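Colleague: Need a 3D model of the following:
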Amino acid sequence: MKVTNSGTAPRGVYLGGTIKLIRPGASRELALEGDDLVQAKKINVLSFEEVVEPESAEKADRTAKTKSKEQAK
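Modeller: Model (predicted):
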């Protein structure tokens, strides 16, 4: 999930017991879910966007891994 801070001060988001800081105007990709996501959504200056990796990129990655394994033999 892409989290963007549109505020004027850094904001902290809990993720698995640690705090991830997001600078003003910056975005971070965080794996927020459950209570961490619920709490983060209470911060008004943060916006959230689902990031979906294109299927073609996934296939290209698997193909590259397969080729590198074949070359290593």
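Colleague: elements contacting the helix or strand hosting Leu21?
Modeller: If you go by DSSP states H and E, Leu21 is part of strand 18-22. Other elements packing on strand 18-22 under the criterion 3 or more CB pairs under 8 Å, 6 or more residues apart in numbering; DSSP states H and E are strand 2-5, strand 11-15. Using the backbone N, CA and C atoms, a C-beta is placed for each residue, glycine as well.
Colleague: let's go with 7 Å and repeat that
Modeller: Packing contacts for strand 18-22, counted by 3 or more CB pairs under 7 Å, 6 or more residues apart in numbering; DSSP states H and E, involve strand 11-15.
Colleague: CA atoms only for the strand it packs on, dumped as CSV, please.
Modeller: The C-alpha coordinates for strand 11-15 follow below in CSV (Å, rounded to 0.1, in the frame of the first residue of the first chain):
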residue,chain,number,x,y,z
ARG,A,11,4.0,11.4,10.5
GLY,A,12,4.7,8.1,12.1
VAL,A,13,2.8,4.9,11.2
TYR,A,14,2.9,1.7,13.3
LEU,A,15,3.8,-1.3,11.3
